[in-house]
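1. no sequence for this one, just the structure:
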């Protein structure tokens, strides 16, 4: 069947408004008597608050409220914006008498302007008992290490291997097959350690929330969030306010990338509104965004693999130590994904995966694009190149020999879920071979690999590649819903809880409706993410919006189509089976008579058997079909300065059917740039007291447009996913996982040394070469 609207690169429905500066973000609202909130952060990485005296701050003219731990209910919770029950420990309090990292919340102030609020923070007197700080994840559960969570209230609501007395937030251990047998059968055994480092999401818009009371004294939370329904539930619990008294509205978002999956500041801002009765705005500074929001979880990954001379894998053993920071947000699920989204890529009967998430007195890890898979592919992507070298195979041939294929499964799918056992699934769509072939051609792989052998001079070049898979939604856990109603002119209102982060998901969902109903996209009016008005959706995470929410939208639109045909049947006096929809009308296939959607809408609303043509449907997924990708990097490195330059980067991606190819390309290129920056320049620097030294864009180096290499995105079609809307799978996360291993493998060809610990800064290059 030829598709008319799906598979086309139409403009974003909000594109013109965004380009013209008319789209409303959280801060684009005027509220009389708005107060400005600021948070007092801890100067210490680990300390107990012995005394706190806000009296001088309270007396300051213009200050309307000061909150300390004494003013709020002591409710343990997690800040992770996950479905209930959350697979993260309840180890956090809105304000606490103990601080666990430099920047942790001590108190909050609301005042008539930001300057007064800042001045008030300086007037709060705090007496601390400084405690020993744990700053090295390797020492987290050593005997005698400082215990970070000794509060009796902390607990979990699902079974986790939670051992706070050992600074263990959680552990997971899964295996299949016979590891000893697998390694005995191997001709080559590789055993190396790799690491992933801290990174900030660096969204243009920092965390921001505005809270106020409406005319019915309900709490309105206007937040730049990826998870409005989770915000409502979690804030209600933290502040002991009924869910029915809270409305969460998500305006446009200035970037999320996972960071705004956290329910981070909505509680403290809401508490200030409830105390003052006034609207309150709280927005993080850039420094606070680096320190006090959420980060990518650092990991140390030990990977041991066995491989035969013919390239057959015999065993894979991955062991992960993960730094969750001061709190356990996403500590289980990110760790699980390091194995579950990575190890199934290569066929192997004997697999062992173990991960331990540990507390430290450092910034807190959270959801970040890639969500654990990024860390895992550093290890597997580099070691696959090493395995291929051992067997004398080109890495592209090694992947083709070993990667998972259609109708195959992996024991990892069942063994590793998110907070519980996973879901056994077979692969029903895979275009990885085509990705590899397209990347080989576009990068001129074999010619350039040969060209870059035995180079002379100080500037050297190299080629590297990696193959990837990810996932689409969390099976048997997450749910999305949609509602559609028909208007008098034959247009349609689509209401969805799904959250557009700037990714274009509103547009994609509108295209799905347009395809089902055969109307122009402009006829679909999308309103998303308002807990009072839109149906439930878990939110924008786990690469789920197109695959999960898109299927809910498709089911709803199909029901609307059936209702339209029912009404048209009544109007035309024809059996429903004789009718079809076409270009905003219903046509009698035998006579050619037709009635327009506008006529049908008017008939249903005003003329006979009056009713509203409307529907609401929900969808839950039962599998997580992976998109696949092959990335190729061409790099140049100056051996005298250590500077690495990416000359060209090719990302060939198979995501089933791309609903909007241009948006899919944009997601891929954005992820690639994000990943290159993480590979080469982004880095958190700390002093010996656990304080971040570079919480600003002057010293935390990001890639910008002028730094970009040539990037070529290739979307591989022809492999529709049977369980996705029109064959679609996810695309937004997978490509952040490629740059580190692809660049590392390219640097190996250029330099002859393996780099397993990013970022690949000039200093690390020169150290690897023995120059410093």
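-> Happy to help now that I have it. All values derive from a computational prediction rather than experimental measurement. Numbering: from 1, shown residues only.

2. all contacts plus neighbour counts: C-alpha atoms, from now on.
-> Noted.

3. name the helix or strand for the closest residue to residue 343 other than its chain neighbours, please.
-> Of all residues not flanking residue 343 in the chain, residue 412 sits nearest, at 7.1 Å (C-alpha to C-alpha, 6 or more residues apart in numbering). Using DSSP states H and E, residue 412 sits within helix 411-415.

4. need the residues that contact the helix or strand that that helix is followed by.
-> Per DSSP H and E, the first helix or strand lying C-terminal to helix 411-415 is helix 432-443. Contact partners of helix 432-443, identified using C-alpha atoms under 8 Å, 6 or more residues apart in numbering, comprise 396, 400, 445-446, 467, 628-634, 648-654, 714, 716.

5. any weak-confidence spans in the stretch 301-450 of the chain?
-> 419 (pLDDT under 70).

6. if you set the cut-off to 80 instead, what comes out?
-> 418-421 (pLDDT under 80).

7. can you classify residue 636 by secondary structure?
-> Recorded secondary structure, residue 636: strand (DSSP: H, G, I helix; E, B strand; the rest coil).

8. show me the beta-bridge partners of it.
-> residue 461, residue 645 (DSSP bridges).

9. can you name every helix or strand that the longest helix along the chain contacts?
-> Using DSSP state H to define each element, the chain has its longest helix at helix 550-572. When contacts are defined as 3 or more C-alpha pairs under 8 Å, 6 or more residues apart in numbering; DSSP states H and E, helix 550-572 sits against strand 479-486, helix 505-517, strand 579-582, strand 594-596, helix 597-602, strand 614-620.

10. now these in CSV, with mean pLDDT, mean neighbour count and distance to residue 765?
-> Conversion of the helices and strands packed on helix 550-572 to CSV gives the following (pLDDT from 0 to 100; neighbours: other C-alpha atoms under 10 Å; distance: least, C-alpha to C-alpha, whole Å):
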stretch, mean pLDDT, mean neighbour count, distance to residue 765
strand 479-486, 97, 24, 46
helix 505-517, 98, 26, 40
strand 579-582, 95, 18, 61
strand 594-596, 96, 18, 67
helix 597-602, 98, 21, 65
strand 614-620, 98, 19, 47
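
11. just send the ones you listed back as a markdown table, with distance to residue 144 too.
-> Supplementary listing: the helices and strands packed on helix 550-572 in a markdown table, determined by distance: least, C-alpha to C-alpha, whole Å:
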| stretch | distance to residue 144 |
| --- | --- |
| strand 479-486 | 44 |
| helix 505-517 | 50 |
| strand 579-582 | 72 |
| strand 594-596 | 77 |
| helix 597-602 | 73 |
| strand 614-620 | 46 |
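
12. and the helices in the stretch 1-150 of the chain?
-> 15-19, 55-59, 114-123 (DSSP state H, counting those that start in this stretch).

13. stretch 107-121: which residues count as buried?
-> 107-112, 114, 116-121 (16 or more other C-alpha atoms under 10 Å).

14. same question, stretch 182-189
-> 182-183, 185-189.

15. picking that back up, out of the helices and strands packed on helix 550-572, which comes closest to residue 686?
-> Among the helices and strands packed on helix 550-572, helix 505-517 comes nearest to residue 686, with 37.6 Å by C-alpha to C-alpha.

16. check which element follows the closest one along the chain.
-> For helix 505-517, the following helix or strand on the C-terminal side (DSSP H and E) is strand 524-528.

17. by contact count, what packs against that following strand?
-> Checking 3+ C-alpha pairs under 8 Å, 6+ apart, strand 524-528 ends up next to strand 492-496, helix 505-517.

18. distance to residue 66 added to those, as TSV?
-> Formatted as TSV, these follow (distance: least, C-alpha to C-alpha, whole Å):
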stretch	distance to residue 66
strand 492-496	37
helix 505-517	39
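
19. got the buried residues of stretch 107-121 as CSV, with distance to residue 323 and pLDDT columns?
-> As requested, these are exported to CSV (distance: C-alpha to C-alpha, whole Å; pLDDT from 0 to 100):
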residue, distance to residue 323, pLDDT
107, 26, 98
108, 28, 98
109, 31, 98
110, 33, 98
111, 36, 98
112, 39, 98
114, 34, 98
116, 37, 98
117, 33, 98
118, 32, 98
119, 35, 98
120, 34, 98
121, 30, 98
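
20. quick one: closest of the helices of the stretch 1-150 of the chain to residue 454.
-> Across the helices of the stretch 1-150 of the chain, closest to residue 454 is helix 15-19 (C-alpha to C-alpha), at 49.6 Å.

21. contacts for that closest one next, please.
-> Everything outside helix 15-19 that qualifies as a contact, by C-alpha under 8 Å, 6+ apart, is residue 23.

22. now it: how far from the chain's centre is it?
-> Centre-to-centre, helix 15-19 and its host chain are 24 Å apart (C-alpha atoms, centre = their mean, to the nearest Å).

23. so for it, mean pLDDT?
-> In this model, helix 15-19 carries a mean pLDDT of 92.

24. circling back: buried ones in the longest helix of the chain?
-> Buried residues in helix 550-572 (16+ other C-alpha under 10 Å): 550-561, 563-569, 571-572.

25. just give me the neighbour total for residue 309.
-> 15 (other C-alpha atoms under 10 Å).

26. ok, now which ones touch the closest residue to it other than its chain neighbours?
-> Of all residues not flanking residue 309 in the chain, residue 391 sits nearest, at 5.2 Å (C-alpha to C-alpha, 6+ apart). By C-alpha under 8 Å, 6+ apart, the contact list for residue 391 reads 308-311.

27. out of the residues you listed, which are buried?
-> Buried among those (16+ other C-alpha under 10 Å): 308, 311.

28. report the contact partners of the spatially closest residue to residue 149 that is not a sequence neighbour.
-> Of all residues not flanking residue 149 in the chain, residue 164 sits nearest, at 5.7 Å (C-alpha to C-alpha, 6+ apart). Residues in contact with residue 164 (C-alpha under 8 Å, 6+ apart) are 147-150.

29. any idea how far residue 263 is from residue 164?
-> According to C-alpha to C-alpha, to the nearest Å, residue 164 stands 22 Å off from residue 263.

30. over to residue 630?
-> Residue 630 is 34 Å from residue 263, by C-alpha to C-alpha.

31. show me the helices in the stretch 651-772 of the chain, by range?
-> 661-680, 739-751, 762-768.

32. what's the longest one packed up against?
-> If I follow you right, that is helix 661-680. strand 644-654, strand 710-715, helix 739-751.

33. can you tell me what sits against stretch 542-558?
-> 471-474, 479-484, 498-499, 505, 508-509, 512-513, 516-517, 537, 539, 615-621, 724-725, 728-733.

34. start and end of it, how far apart?
-> Note: stretch 542-558 ends 26 Å apart using C-alpha to C-alpha.

35. circling back: in PyMOL, select just the buried ones from the contacts of residue 164.
-> In PyMOL syntax, the buried subset of these is picked out as below (16+ other C-alpha under 10 Å):
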select buried, resi 147+148+149
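
36. check which residues of stretch 199-215 are buried.
-> 199-203, 205-213.

37. hmm, I was thinking of stretch 120-129
-> 120-121, 123-124, 128.

38. make TSV out of these and add distance to residue 17.
-> Converted to TSV, the buried residues of stretch 120-129 look like this (distance: C-alpha to C-alpha, whole Å):
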residue	distance to residue 17
120	39
121	38
123	43
124	43
128	50
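
39. and the closest residue to residue 156 other than its chain neighbours, what does it touch?
-> Excluding its sequence neighbours, the residue lying closest to residue 156 (C-alpha to C-alpha, 6+ apart) is residue 89, at 4.6 Å. The contact partners of residue 89, taken as C-alpha under 8 Å, 6+ apart, are 77-78, 154-157, 162, 169, 328-329.
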